[in-house]
Structures are given as structure tokens and as C-alpha cells.
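Novice: Okay, sequence plus prediction incoming.
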Amino acid sequence: MGFGKAVSTGFIKYFNFSDRACRSEFWYWTLFVAILGIGAALIDLKLDTQFISAAFDVATFIPSLAISVRRLHDLDEPGWWVLISFIPILGGIALLIWFVIKGTDGPNQYGPDPLAANSRLPDQQFGAPA
């Protein structure tokens, strides 16, 4: 999955906490949020305000949480593991390790493999591959 497709999928699946997300989808979304977050912070610095970065954070919080849950689902882990991030240092390290690991090959309890050649997700839009 390319950068543009990952970003559009992040917004298309804004409230989708049930499917799977491959590594490229997760990391391209993370890169998008980081780049635009830095840009919003620079604009706020120039305008001497915090409105732009706060609005950006609010707009990307739910899709970022959803893609994190879907990434855990790709590893055949429950999405509730995202709450481990509340444990200082160790929780973030554990999630980072999970987010880097290759997902489960083939279908699992959360759906078909997003990288499979012929996989079609039930709620997929526009007929594009995951």
C-alpha cells in the first residue's frame, strides 16, 4: 500500500475498529500525521496560537486510534492492547514492537489478510485492494 492510499484509507475507515491494517498502512498513516502535525505546530508558532495543531489533533485522534487497533488485529491480538500505552515507557515499547512485526498470514478472527492478492474486505469502498 502506498502513501496516498494509506492516508485515504485512514480517513475512509475513520471509525472502523474491526478490520485489519497492514504495516505499510499503519506506518504511512503515522508518517502523514507526524508531517502534518509538525506543519501545524509551525503554523501555530508563526501565528502565536495553538488552534491549528489542536484542531489537527482532534481530527486525527480517532482515525489514529482506529488504525492502531486494526494493526493489532492484523497480529491476531485484541485491540484492547492499545491501552497498554498508559504504562509509562514499557507500554510504548511493547506497542512499537507489535507495530513493527509482520501480521498474520492468511485470514484470522478479525478478517482476511489485507496483503492477500484476492482479499476483499466486506466494507471496502471503491473496489480498491487493501
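Specialist: Noted; the coordinates are in hand. Residues are numbered from 1 along each chain as shown.

Novice: Show me which residues of the lowest-mean-pLDDT helix or strand in the chain are buried.
Specialist: Every helix and strand in the chain was compared by mean pLDDT, DSSP states H and E; the lowest is helix 3-12, with a mean of 90. Under the neighbour-count criterion of 16 or more other C-beta atoms under 10 Å, helix 3-12 has 5-7, 9-10 buried. Yep, even glycine has a C-beta here, placed from its N, CA and C like the rest.

Novice: Ok, stretch 10-19 next?
Specialist: Buried residues in stretch 10-19, counted by 16+ other C-beta under 10 Å: 10, 13, 16, 18-19.

Novice: Determine which two of these are furthest apart.
Specialist: Gly10 and Ser18 (15.1 Å; C-beta to C-beta).

Novice: Ile35 - how many residues pack around it?
Specialist: If you count neighbours by other C-beta atoms under 10 Å, Ile35 ends up with 10.

Novice: which element is it on?
Specialist: Using DSSP states H and E, Ile35 maps to helix 23-47.

Novice: Check which element follows that helix along the chain.
Specialist: With DSSP H and E, the next secondary element past helix 23-47 is helix 51-74.

Novice: Give me the phi and psi angles of Asn108.
Specialist: phi -130, psi -170 (degrees, to the nearest 10).

Novice: Please name the bridge partners of it.
Specialist: Gly111 (DSSP bridges).

Novice: these two touch, right, it and Asp76?
Specialist: Yes - taking contacts as C-beta atoms under 8 Å, Asn108 lies within contact range of Asp76: 4.4 Å.

Novice: Who has more neighbours out of those two?
Specialist: Asn108 (16 against 12).

Novice: gap between the more buried one and Lys102?
Specialist: 13 Å (C-beta to C-beta, to the nearest Å).

Novice: same question, Gln50
Specialist: Relative to Lys102, and taking C-beta to C-beta, Gln50 is found at 39 Å.

Novice: cool, Leu72 as well?
Specialist: 13 Å.

Novice: again with Val7
Specialist: Distance of Val7 to Lys102, given as C-beta to C-beta: 22 Å.

Novice: mind showing which ranges of the protein have poor pLDDT?
Specialist: The model of the chain has pLDDT under 70 over residues 117-130.
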